[in-house]
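[1] return a 3D structure for these sequence lines:
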Amino acid sequence: METRAGDPGAFAHFDLSRVSSPAFVVDAAKLRANCQVLADIRDAAEIKVLAALKAFSMWSTAPIIGEYLDGVCTSGLWEARLAGEFYDGEIATYSPAYKPEELEEICRLSDHVIFNSPEQIVRAALILENARASGQDFDIGLRLNPLSQQGEVEKYDPSAPGSRLGFPVDQLMPEHLEGVDGIHIHNLCEQDLGPLKRTWEAIFDTIEPFFGQLKWINLGGGHHVTRADYQREELVEFLREVKEDSGAEVYLEPGEAVALDAGILVGTLLDTLWNGMPVGITDVSATCHMPDVIEAPYRPAMLGELTDEEHIPIRLGGPSCLAGDVIGDYRLPVPAKPGARFAILDQAHYSMVKTNTFNGVQLPSIWLWDSETDQLECVHEFGYETFRDRLS
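    Presented below is the predicted three-dimensional model:
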């Protein structure tokens, strides 16, 4: 999988020695800039934009997101609790399945409760009825599977054969939308406008009979809107057409776009050896700190990496026991010696939320930097107790 992010931005001038290692550093100014782009699109298209907490849930930045966007979308009870505690605006919650004992609280916290199948809505009918009888005000949504493969990697494609995500659109009947306020369609992963248009075309004929009945249509996330070369003007035109055709409120739920290129992961080279090529062991672990490097897989960009082929690349890997804990081969911008600092780009989203303590590897501290004012703050550090308290 090829990453299309990795713009160093203001991090090109950041002194890596200012923070501990390993550390995530998030640039508040870049977050504001991303959110401003999303807000501009929201205003021009007259839609609503929610930030996906599954991609970026650094709640100390909630005031920034709340200043620009209309709320957040969550993936279950714990994210909904986080949203209710720290974030402003609407809360839309979707999960492939809900535990009955958690659904009442989800209804209390959420403005939109989105189900994965009509059968789930039927089974939850009494819980939903009781929640509304107690004064809870929320919409009910249904996620549809467009059955239109647009992803380059099948495991990230919600329309892949046998996908569990969403009710197949070719099975949709009028009775499935009785009591349903809106539909949710999430079919993209780090993609441009073309796949979104093709997704809409794939479902249009099926859902057109329900235009006028639906209060809202949520087009999900995966939109790389804040990338510099995204077709933003065309997106606005498309969204306005969707809204006009359907008569419904239109939502986008960007996750990665909120924090795109807004964070780095700072690490230190701990040791080097030769095994047919230079090999470096670092305090940054793909396995523990950047699982998508292995799961996608992809090679993340490095801050200041040299492009001169005269420099021999060094293979960087983490301190865990997993043989495959490899970040990638890089031409370091500093001498490849123990103690050297480096930074991996574009690590604010889908890295911070996926960290783990396998092998007792230390979690990176979390820092908030404002590149406009140069203010730098350590907002969280993780000690041994973090590791210990996950166990028993």
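[2] partners of Phe115 in the sheet?
    Leu142 (DSSP bridges).
[3] neighbours of it, just the number please.
    Neighbour count for Phe115, taken as other CB atoms under 10 Å: 26. (C-beta placed from N, C-alpha, C; glycine too.)
[4] contacting residues for it?
    Tyr94, Tyr98, Ile121, Ala124, Ile140, Gly141, Leu142, Arg143 (CB atoms under 8 Å, 6 or more residues apart in numbering).
[5] just put those in CSV and tack on distance to Glu309.
    CSV is the format used below for the contacts of Phe115 (distance: CB to CB, whole Å):
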residue, distance to Glu309
Tyr94, 47
Tyr98, 53
Ile121, 58
Ala124, 59
Ile140, 58
Gly141, 52
Leu142, 53
Arg143, 48
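[6] Val361 contacts Ser285, correct?
    Yes: the pair Val361 / Ser285 is scored as a contact, 5.2 Å apart, by CB atoms under 8 Å.
[7] neighbour-wise, which of those two wins?
    Shown here are Val361 and Ser285; by other CB under 10 Å, Ser285 has more neighbours (29 against 22).
[8] follow-up on the earlier one: out of the contacts of Phe115, which is most surrounded?
    Scoring the contacts of Phe115 on neighbours with other CB under 10 Å, the highest-scoring entry is Tyr94 at 27 neighbours.
[9] list phi and psi for that one.
    phi -130, psi 140 (degrees, to the nearest 10).
[10] which ones are touching it?
    Cys73, Thr74, Ser75, Ile114, Phe115, Asn116, Gly141, Arg143, His184, His186.
[11] cutoff 6 Å now
    Residues near Tyr94 by CB atoms under 6 Å, 6 or more residues apart in numbering: Ile114.
[12] so how far is Ala55 from it?
    14 Å (CB to CB, to the nearest Å).
[13] likewise Lys354?
    10 Å.
[14] out of these two, which sits in the busier spot?
    Legend: neighbour count by other CB under 10 Å for Lys354 and Ala55, higher for Ala55 (24 against 15).
[15] grab the nearest non-local neighbour of the more buried one.
    What sits nearest to Ala55 in space, not counting adjacent residues and going by CB to CB, 6 or more residues apart in numbering, is Gly255, at 2.8 Å.
[16] list the beta-bridge partners for Tyr330.
    Ile314.
[17] where does it land on pLDDT?
    On pLDDT, Tyr330 comes in at 98.
[18] going forward, count from 31.
    Got it, first residue is 31 now, which makes that one Tyr360.
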